[in-house]
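Undergrad: Got a sequence here, can you model it:
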Amino acid sequence: MQTIKLNFDAVMQQLDDIKHALGALNLPGPSAGSLGQNQLEFTATYLEREARIHKSMTEYIQVVQKNIEDTRANVELLKKQDEAIVNK
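TA: Numbering: from 1, shown residues only. Sure, this is the predicted structure:
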């Protein structure tokens, strides 16, 4: 039988690093002010597209944050189960 070992501290450190990197992301929304007085059709299309991309990225970040939380909870549960088995 093959043994799988959980290096709890290393996994938790990786999760902390990912969470920190995710928190450091700065995603400014599209700025109409940076386009000056342009009133072209392309300008409006550009701003709409950039707003959709910004919204998608914000939603993606929220999903990743949830995945990090779920992974952390699962790793902690695995550790507790391992400790319970060892203590039997």
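Undergrad: can we go C-alpha only for contacts and neighbour counts from here?
TA: Will do.
Undergrad: now the helices for this structure?
TA: Applying DSSP state H to the chain gives helices spanning 8-23, 41-86.
Undergrad: Any chance of a markdown table for these, columns mean pLDDT, mean neighbour count and distance to residue 29?
TA: Formatted as a markdown table, the helices of the chain follow (pLDDT from 0 to 100; neighbours: other C-alpha atoms under 10 Å; distance: least, C-alpha to C-alpha, whole Å):
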| stretch | mean pLDDT | mean neighbour count | distance to residue 29 |
| --- | --- | --- | --- |
| helix 8-23 | 94 | 13 | 16 |
| helix 41-86 | 91 | 13 | 6 |
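Undergrad: residues touching residue 28, list them.
TA: Neighbour list for residue 28: residue 54 [criterion: C-alpha atoms under 8 Å, 6 or more residues apart in numbering].
Undergrad: quick one: pLDDT of it?
TA: Here, the pLDDT recorded for residue 28 equals 82.
Undergrad: Equivalent analysis for residue 35, please.
TA: Residue 35 is assigned a pLDDT of 64 by the prediction.
Undergrad: Can you tell me, leaving aside adjacent residues, what's nearest to residue 61?
TA: Spatial nearest neighbour of residue 61, chain neighbours left out: residue 22 (7.3 Å); criterion: C-alpha to C-alpha, 6 or more residues apart in numbering.
Undergrad: What separation do you get for that neighbour and residue 11?
TA: Distance of residue 22 to residue 11, computed by C-alpha to C-alpha, to the nearest Å: 16 Å.
Undergrad: And the residue positioned nearest the centre of the chain, how far from residue 82?
TA: What sits nearest the mean C-alpha location of the chain, by C-alpha atoms, centre = their mean, is residue 64, with 3.0 Å. When distances are taken as C-alpha to C-alpha, residue 64 and residue 82 turn out to be 27 Å apart.
Undergrad: quick revisit: ok, the residue nearest to the centre of the chain - contacts?
TA: Contacts here follow C-alpha under 8 Å, 6+ apart; on that basis residue 64 touches nothing.
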